[in-house]
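K.L.:
I need the structure of the sequence given here:
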Amino acid sequence: MILTEKEVEKYTLDTLPRDLLFEAKQKGYADRQVAHLLGCLESEVYKRRNELGIKRVYKLVDTCAGEFPAKTPYYYSTFEEENESVRSDKKKIVVLGSGPNRIGQGIEFDYSCVHGVLAAKEMGYETIMINCNPETVSTDFDTADKLYFEPVFWEHIYDIIQHEQPEGVIVQLGGQTALKLAEKLEKYGIKIIGTSYAALDMAEDRERFSSLLRDLGIPYPAFGAVNNPEEAVALSRTLGFPLLVRPSYVLGGQKMKIVINEGELVDQVLDILQLMPDNRILIDHFLDGAIEAESDSICDGEMVRIIGIMEHIEPAGIHSGDSNAVLPPFDLSEKVISQIREHTHKIALALKTVGLVNIQFAIKNETVYVIEANPRASRTVPFIAKAYGEPYVNWATKVMLGAKLKDFHFKPHLDGYAIKVPVFSFDKFPNVDKSLGPEMKSTGEAIYFIKDLKDPFFRQVYGERSMYLSK
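P.N.:
Numbering: from 1, shown residues only. From the prediction side, this is the model:
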């Protein structure tokens, strides 16, 4: 492969021989990598290889081990001549999966993808699933009508879309990996099913989102954005310590940390810039001693239905994926619940949400501050659906495809409380720092049902929060 790279580097895009480009693609080089070697744009390499007739073809995975012909619609791509994926005349929907399992991108999104596929089938669409994780139900060959076992990576996805010509693509169900591809889909004129790219991007852009909250009259922690340590120190003197420092557009709270003085602040900013040199750094005043809560909702652009409000047992500062969260809330006042409901409705409608939205809150002195909003399936949606026994992802997907919330009958039922319990794998990684904070470390979650708040598990975890808040 190194020899191939050295050979490619001898040419320009215009002089690169077809056979050499074909060889590079067969060896697995992405257009982006070839562009890097040639000193040109990825889009230029894509255009050139298509002009030369170098295109992906799709082969059936032989699920029968050659014993008899395999007929399962389960495909992988390669660079050859014959294409085994035959496009039908049916209207199609593509669902993007979450890719490899990793912290912040767990198996919970697989639940959402599967139920999204089933809902689209019920709406009369041919369903196309794109995912590369063999340990998921979404990659079972009989879940979607067609499965492409491919990386959730732009070049692969775009080639499939060009081949299948779907009505649109659902990005809300595959977590942050799928959501990050919305910008490319928008740029190339591919329809995003559900909430628009403009709304998705506004929620990710902290500065624009905070402007929206200000216009809506919703409280949020004071914050700023910086590019270097000097700007960070100057901002800290305005915001006041403690501060929550984080890079923008990341998964699972990556490189997020609470700092309490200028020395720690500078070290954290330098650490982020070393890993992500061009990333804009967000700095929020941290509401020490606050309680966290979150809501999950479905919105059809006109009506909002809150499917669940959860209160975190741990105090603010622990990533939501690492917190024990109780459904419904166990000691929030009616005043606080009312603020959560009002903020949720305002934000969902202002973002013109079509589908799911998760909003996270910090509560201090009976005031509810909005931390962030995620217009997508969150890792708590499967938990709420299972706790209440209602197919919320199915309904949300149908809303994305044009149904209205008034068409569904919400009758949630839960005796007592359900607790979302994080699952950690520290026993498999004994040298990992086990202390919890803003950066996510859990690898999954479980449900623990209790009849009342006298349950020993709840009392133990809640007692730890009470001790912390009293300090």
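
K.L.:
please make it C-alpha for all contacts and neighbour counts, starting now.
P.N.:
Noted.

K.L.:
mind listing the helices for the stretch 1-150 of the chain?
P.N.:
Using DSSP state H, counting those that start in this stretch, the helices of the stretch 1-150 of the chain run over residues 2-8, 18-26, 31-38, 42-51, 108-122.

K.L.:
dump the third one to PDB, restricted to CA.
P.N.:
In this case it means helix 31-38. Output in PDB follows, covering the C-alpha atoms of helix 31-38 (Å, rounded to 0.1, in the frame of the first residue of the first chain):
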ATOM      1  CA  ASP A  31     -11.300   9.700  -2.500                       C
ATOM      2  CA  ARG A  32     -10.200  11.900   0.400                       C
ATOM      3  CA  GLN A  33      -6.900  10.000   0.800                       C
ATOM      4  CA  VAL A  34      -6.200  10.100  -3.000                       C
ATOM      5  CA  ALA A  35      -7.000  13.800  -3.000                       C
ATOM      6  CA  HIS A  36      -4.400  14.300  -0.200                       C
ATOM      7  CA  LEU A  37      -1.800  12.400  -2.200                       C
ATOM      8  CA  LEU A  38      -2.500  14.400  -5.300                       C
END
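
K.L.:
what residues of the longest helix along the chain count as buried?
P.N.:
Counting by DSSP state H, the longest helix found in the chain is helix 334-350. Buried residues in helix 334-350, defined by neighbour count with 16 or more other Cα atoms under 10 Å: 336-337, 339-340, 343-349.

K.L.:
next one: stretch 16-25
P.N.:
Going by neighbour count (16+ other Cα under 10 Å), the buried part of stretch 16-25 is 16, 21-22, 24-25.

K.L.:
what's the closest of these to residue 162?
P.N.:
For these, the closest approach to residue 162 (Cα to Cα) belongs to residue 25, at 18.0 Å.

K.L.:
wait, what's in contact with that closest one?
P.N.:
Shown in contact with residue 25 (Cα atoms under 8 Å, 6 or more residues apart in numbering): residue 79.

K.L.:
ok, now how distant is it from residue 8?
P.N.:
As judged by Cα to Cα, to the nearest Å, residue 25 and residue 8 stand 12 Å apart.

K.L.:
hmm, residue 220 is touching residue 373, no?
P.N.:
No: applying Cα atoms under 8 Å, one finds residue 220 not in contact with residue 373, separated by 11.6 Å.

K.L.:
more neighbours: those two, which one.
P.N.:
For residue 220 versus residue 373, the count of surrounding residues by other Cα atoms under 10 Å is larger for residue 373: 24 against 19.

K.L.:
okay, now the sheet partners of the helix or strand harbouring that one, with direction.
P.N.:
Using DSSP states H and E, residue 373 falls within strand 367-374. Strand 367-374 has its sheet partners listed here by DSSP bridges as strand 354-364 (antiparallel).

K.L.:
you'd agree residue 148 is up against residue 75?
P.N.:
Yes: using Cα under 8 Å, residue 148 is in contact with residue 75, at 4.8 Å.

K.L.:
who's more crowded, these two?
P.N.:
Neighbours per residue (other Cα under 10 Å) separate residue 148 from residue 75, with residue 148 holding more: 26 against 21.

K.L.:
how far does stretch 324-339 stretch from start to finish?
P.N.:
Stretch 324-339 has an end-to-end distance of 22 Å (Cα to Cα).

K.L.:
contact partners of that stretch?
P.N.:
Contacts with stretch 324-339, where a contact means Cα under 8 Å, 6+ apart, come from 293, 308-314, 363, 366-368, 384, 417-422, 453.

K.L.:
7 Å - rerun?
P.N.:
With contact meaning Cα atoms under 7 Å, 6 or more residues apart in numbering, stretch 324-339 is reached by 309-314, 366-368, 417-422.

K.L.:
tell me how far that stretch lies from the chain's centre.
P.N.:
When C-alpha coordinates are averaged (Cα atoms, centre = their mean, to the nearest Å), stretch 324-339 and its chain have centres 25 Å apart.

K.L.:
so for that stretch, what's the average pLDDT?
P.N.:
Averaging pLDDT along stretch 324-339 yields 95.

K.L.:
which SS state does the nearest residue to residue 192 once chain neighbours are set aside fall under?
P.N.:
Leaving aside its sequence neighbours, residue 192 sits nearest to residue 169 (Cα to Cα, 6 or more residues apart in numbering; 5.1 Å). Secondary structure, DSSP: H, G, I helix; E, B strand; the rest coil: residue 169 is strand.

K.L.:
what angle do the longest helix of the chain and strand 354-364 make?
P.N.:
Angle, helix 334-350 to strand 354-364, by axes from the mean of the first three to the mean of the last three Cα atoms, to 10 degrees: 140 degrees.

K.L.:
now the strands for the stretch 151-300 of the chain?
P.N.:
Under the criterion DSSP state E, counting those that start in this stretch, the stretch 151-300 of the chain contains strands at 168-170, 223-226, 243-247, 257-259, 281-285, 291-300.

K.L.:
to residue 198, which of the ones you listed lies closest?
P.N.:
Of all the strands of the stretch 151-300 of the chain, it is strand 168-170 that lies closest to residue 198, at 15.0 Å by Cα to Cα.
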